[in-house]
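Novice: What shape does this take:
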Amino acid sequence: MSRTRSRLATGSLKGVGYAGLIVAALCLLLPFIWMVLSSLKHSVDVFTAPIQWIPDPFVWSNYVDIFDRADMGTWVGNTLFISVVVTALQVFTGSFAAYGFSRVRFPGRDVLFLIYVGTIAVPWQSYMIPQFVMISDWGLANTRWSIILLQAFGAFGVFLMKQYFESVPEALSEAARIDGLSEYGIWRRIMLPLSVPALASLTLITFVNTWNDYLGPLIYLRDRDLWTIQIGLRTFITQFSAEHAMIMTGSVLSILPIAVIFALGQRFFVEGIAATGVKG
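Specialist: The predicted structure is shown next:
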């Protein structure tokens, strides 16, 4: 009898916990649901009082009009190009530097790593002006390569990959060195295949941050045909009005790639984040 009561109590607690999680998830999803529904309304119906949740009528043509009225295809292409290139470079440079900090012994390694990782605490706004002057002197301002060059290296990626590399037994590296494998070969043939969860986490985080970046493209990309989707959406805001339905439609289109990528890589993302906190 006591066991039955205990199981019922445990089941009740789980039920309450699941119900709480469902409510919390709905609260988090509510703004996204409102955004999607607003993208199917006329602009004058987006901010009605009281809120009209269900569009009447459903304006499906918004998803066609946004491509007819703006350079949406060009902006999405620019955003995708910059995000893919930056992500590839950060994964390469971050994993390569992390291998050096975790497996190669050289004087001042730990101090250099602390200084490098410490740059994460420095806000970008504190040095964006001298950075802009430097990029302009190089003749790269108003090009997509200005964003790519500035974001090709990241201290966070080095920190993330170093934590994961240190969880890989060093005996594997020592055995590979005895067999004559170079440091580059150890990194490419041993460390990278064993670090797929961490690589997937870094890829996802970098891609999302680059895709959603607003301030960088706003500063460096001035020509309309170079804009990213985040900059392009501001064209629907004028001095006296804003086309809220078009803004919501563009926001939905900008979120879709992120949602798909996260859904496909969620398992690796969770594994990578969990594993980078494990030492041994």
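
Novice: Okay, now the unreliable bits of the stretch 1-150 of the chain?
Specialist: Across the stretch 1-150 of the chain, the ranges flagged by pLDDT under 70 are 1-11.

Novice: So which residues of it form strands?
Specialist: In the stretch 1-150 of the chain, no segments count as strands under DSSP state E, counting those that start in this stretch.

Novice: where do the helices sit along it?
Specialist: 2-38, 62-69, 72-103, 109-118, 128-137, 144-151 (DSSP state H, counting those that start in this stretch).

Novice: List the buried residues in the last one.
Specialist: Under the neighbour-count criterion of 16 or more other C-beta atoms under 10 Å, helix 144-151 has 144-151 buried. Heads up, the C-betas are built off the backbone N, CA and C, glycines and all.

Novice: same question, the third one
Specialist: Across helix 72-103, burial judged by 16+ other C-beta under 10 Å covers 72, 74-76, 78-79, 82-83, 85-87, 89-91, 93-103.

Novice: What of the longest one?
Specialist: Under the neighbour-count criterion of 16+ other C-beta under 10 Å, helix 2-38 has 35, 37-38 buried.

Novice: mind putting those residues in CSV, distance to Trp227 included?
Specialist: Putting these into CSV (distance: C-beta to C-beta, whole Å) gives the following:
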residue, distance to Trp227
Met35, 21
Leu37, 27
Ser38, 23
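
Novice: The helices of the stretch 1-150 of the chain: which one's closest to Thr238?
Specialist: Thr238 lies closest to helix 62-69 among those, at 13.2 Å (C-beta to C-beta).

Novice: Packing partners of the closest one?
Specialist: Helices and strands touching helix 62-69, as assessed by 3 or more C-beta pairs under 8 Å, 6 or more residues apart in numbering; DSSP states H and E, comprise helix 244-275.

Novice: quick check: mean pLDDT across the helix it packs on?
Specialist: Helix 244-275 shows a mean pLDDT of 78.

Novice: contacting residues around Ile51?
Specialist: For Ile51, the contact set (C-beta atoms under 8 Å, 6 or more residues apart in numbering) comprises Trp34.
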